[in-house]
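Peer 1: Quick one, what's the 3D model for this:
(4 chains)
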2 protein chains.
Amino acid sequence: MSAHTTSRRDRLRQATVEEIHVTVRRLLVAQGSAAVTINAVAREMGMSGPALYHYYASHDELVGAVTAGFFRELAETMEQARDAHADAPIGDRLLSVCRAMRAWAIAHPAEFGWIFASPIAPPNRRQDSVRHQAALRFEQVLLDLTVELWQAQPFPVPDLAGLPASLREQLTAYSATIEGRLPPEAAHVFLTCWIRLYGLLCMEVLHQLDFAYTDLEPVFEECLRDLSAKLSLDYSEPPLTEGRRPS
Amino acid sequence: MSAHTTSRRDRLRQATVEEIHVTVRRLLVAQGSAAVTINAVAREMGMSGPALYHYYASHDELVGAVTAGFFRELAETMEQARDAHADAPIGDRLLSVCRAMRAWAIAHPAEFGWIFASPIAPPNRRQDSVRHQAALRFEQVLLDLTVELWQAQPFPVPDLAGLPASLREQLTAYSATIEGRLPPEAAHVFLTCWIRLYGLLCMEVLHQLDFAYTDLEPVFEECLRDLSAKLSLDYSEPPLTEGRRPS
DNA sequence: AAATTTGCTTAGAGCTATTAAGGAAACATA
DNA sequence: TATGTTTCCTTAATAGCTCTAAGCAAATTT
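Peer 2: Below you'll find the predicted structure:
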């Protein structure tokens, strides 16, 4: 595992790429997304402007790569929470993955905001492979757990025949894209939960709820309680960590 | 009401301001938010660059003014839906306001996206009076109706003593900022509904659900059905308009 | 040792926001 | 009616941005 697979050049290049990502992130966190310019990043790294084009073909591509990294980090955090207590009941693992998701979002609001709000523009290009791939992995974590739950102890689902035709078709199509791992009715429940969880988080991080709340932790827990009921699994309080006090 | 209150100059200036707003909106819709530059707007209007600074002190201020206009338009649409059938049951009026909100968002995705995703940056300045004022008016519409509902036929609320202390305090504070028009418990129900409605809409418009859905209308209606139950009011199907077919 | 690839440089075109200075027209006033 | 002020717009200029082009120098390959 030495000179053949990874040349010295490759290692240097890799190090530079990582320095770029770190620098972008520092600028984003410290001064907001508008401060993440190619020139500023290069300046911070002590090299001048156009040099960065040897690593990324455009500003958009750089942003896409960094965003993909954020998705990956978030997904890894959630996977760690999933695997930390691999022997725990499926319900507990699901809850702890949800909490890990929020914990990461709260700890990294600028990054999470970027993940969510950056694709205002691109409803078009779908082959944004790097970024799209990472987003898929992120979505996959909760989907996998839900599939596992569905197989171990199926949750209640609505009657497919009772749903509007349009919804039925969409759910069937989605069920197919996940290779039938959930039938359409179960996919519907999963998507409903996903929307509530992710939607709440996005509103929190994008400051849409500041007019009423200063700390959404109890609201999030209530949401989890609600979703637990929907999935007919036992809600259990979050483990007490530093910084959280029982009331 | 002629020459004294509104001079010729004032009218011309007002017309120019409106042309600016129209131009900004056209650029936003046609080419995305990145295309809304001071230079581009001026160019479109046949005047060159710095002239716009006689109307707005900065790019940010221009964006803020236009965003406020979007909020106002959305709020007016909702108010119209509220007042269209002033004699209808409160529940029906609530539902039709919610539907009017989504209809506007769907009809004007770029504008709605701007409303929602633009304040990634400014969690600081709260005296963004123009824009903030308009946002308040928007939020007010559903709050007003909920207050009316609460007074006419109170919906079930949780026991305040059973809520976490932190949440209790935040709800009490919010109840105070709306001058006690809803007690904390009722405010909690209102906010929960608000989060689900607005959150779903934001995710839809910002394309966070494209991976599963192509048309969220049935999902939105299901959400409304759910919220109707929470508020113990009768859910009624949306009126059939052109373009919507019963299945 | 020679040739090629790679990482960087500076120069420059064409955007952008914003400030400064000045001209021309409309308005207000003496 | 003449004079002064206010208002709208212009061009010029600064400083930043993205991105292309041309070229030097060092590292790597042949």
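Peer 1: helices or strands up against the helix or strand encompassing A:M203?
Peer 2: Using DSSP states H and E, A:M203 falls within helix A:184-205. In this structure, helix A:184-205 packs against helix A:90-107, helix A:109-117, helix A:129-152, helix A:165-177, helix A:217-230, helix B:184-205, helix B:217-230, with contacts taken as 3 or more CB pairs under 8 Å, 6 or more residues apart in numbering or on different chains; DSSP states H and E. C-beta coordinates here come from the backbone N, C-alpha and C atoms, glycine included.
Peer 1: for these, which one sits closest to DNA strand D?
Peer 2: helix A:109-117 (15.0 Å; CB to the nearest atom of the strand).
Peer 1: how far off helix A:90-107 does the longest helix anywhere in chain A point, in degrees?
Peer 2: Using DSSP state H, we find that the single longest helix of chain A is helix A:59-84. Put simply, helix A:59-84 runs at 140 degrees to helix A:90-107, going by axes from the mean of the first three to the mean of the last three CA atoms, to 10 degrees.
Peer 1: Okay, domains of chain A per the record?
Peer 2: A:7-55, A:68-230 (automatic domain parsing).
Peer 1: Reformat these as JSON lines; add mean neighbour count, mean pLDDT and distance to B:E217.
Peer 2: Listed next are these as JSON lines, based on neighbours: other CB atoms under 10 Å in any protein chain shown; pLDDT from 0 to 100; distance: least, CB to CB, whole Å:
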{"stretch": "domain A:7-55", "mean neighbour count": "14", "mean pLDDT": "94", "distance to B:E217": "32"}
{"stretch": "domain A:68-230", "mean neighbour count": "18", "mean pLDDT": "92", "distance to B:E217": "7"}
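Peer 1: Just send the ones you listed back as CSV, with distance to B:Y198 too.
Peer 2: As requested, the domains of chain A are exported to CSV (distance: least, CB to CB, whole Å):
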stretch, distance to B:Y198
domain A:7-55, 23
domain A:68-230, 7
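Peer 1: I'd like the helices and strands packed on helix A:184-205 as a markdown table, with distance to DNA strand D appended.
Peer 2: Putting these into a markdown table (distance: least, CB to the nearest atom of the strand, whole Å) gives the following:
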| stretch | distance to DNA strand D |
| --- | --- |
| helix A:90-107 | 26 |
| helix A:109-117 | 15 |
| helix A:129-152 | 16 |
| helix A:165-177 | 32 |
| helix A:217-230 | 36 |
| helix B:184-205 | 26 |
| helix B:217-230 | 36 |
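Peer 1: Let's check: the centremost residue of chain A is which one?
Peer 2: The residue lying closest to the centre of chain A (CA atoms, centre = their mean) is A:F138, at 4.7 Å.
Peer 1: mind checking how far that one is from B:E237?
Peer 2: Look at A:F138 and B:E237: by CB to CB, to the nearest Å, they are 36 Å apart.
Peer 1: Okay, A:L171 and A:G113: tell me how far apart.
Peer 2: As judged by CB to CB, A:L171 and A:G113 stand 30 Å apart.
Peer 1: and what of A:V147?
Peer 2: Taken as CB to CB, the span from A:V147 to A:G113 is 29 Å.
Peer 1: next one: A:R181
Peer 2: Noted for A:R181: a distance of 31 Å to A:G113, by CB to CB.
Peer 1: that older thread, which residues touch the nearest residue to the residue nearest to the centre of chain A once chain neighbours are set aside?
Peer 2: Leaving aside its chain neighbours, A:F138 sits nearest to A:A75 (4.4 Å; criterion: CB to CB, 6 or more residues apart in numbering or on different chains). A:A75 is in contact with A:A134, A:R137, A:F138, A:Q140, A:V141, counting by CB atoms under 8 Å, 6 or more residues apart in numbering or on different chains.
Peer 1: just those now: which is nearest B:A107?
Peer 2: Using CB to CB, A:F138 is the member of these that sits closest to B:A107, with 30.7 Å.
Peer 1: ok, back up a step: surely the residue nearest to the centre of chain A and A:E79 touch.
Peer 2: No - with contact defined as CB atoms under 8 Å, A:F138 does not reach A:E79; the gap is 9.8 Å.
Peer 1: before we move on, back to that, for A:V63, which of the helices and strands packed on helix A:184-205 is the nearest?
Peer 2: Nearest to A:V63, of these and by CB to CB, is helix A:109-117 at 8.1 Å.
Peer 1: quick one: that closest one to helix A:90-107, angle?
Peer 2: Using the same axes, to 10 degrees: helix A:109-117 against helix A:90-107 is 110 degrees.
Peer 1: Report all helices and strands that helix A:109-117 contacts.
Peer 2: Looks like helix A:109-117 contacts helix A:8-31, helix A:59-84, helix A:184-205 (3+ CB pairs under 8 Å, 6+ apart).
Peer 1: Was I right to think A:K230 contacts A:L191?
Peer 2: No - counting by CB under 8 Å, A:L191 is not a contact partner of A:K230; they are 11.8 Å apart.
Peer 1: if we can go back for a sec, check contacts around the residue nearest to the centre of chain A.
Peer 2: With CB under 8 Å, 6+ apart, A:F138 has these contacts: A:F71, A:L74, A:A75, A:M78.
Peer 1: and which of these is nearest to DNA strand C?
Peer 2: A:F71 (25.7 Å).
Peer 1: how close does that closest one sit to A:T77?
Peer 2: A:F71 is 11 Å from A:T77, by CB to CB.
Peer 1: for A:L240, same thing?
Peer 2: 19 Å.
Peer 1: now swap in A:S175 and tell me
Peer 2: 28 Å.
Peer 1: again with A:P164
Peer 2: From A:P164 to A:T77 the distance is 37 Å (CB to CB).
Peer 1: cool, and A:C223?
Peer 2: Noted for A:C223: a distance of 19 Å to A:T77, by CB to CB.
Peer 1: Repeat that for A:V157.
Peer 2: 30 Å.
Peer 1: Check A:L209 too.
Peer 2: Distance from A:L209 to A:T77, by CB to CB: 23 Å.
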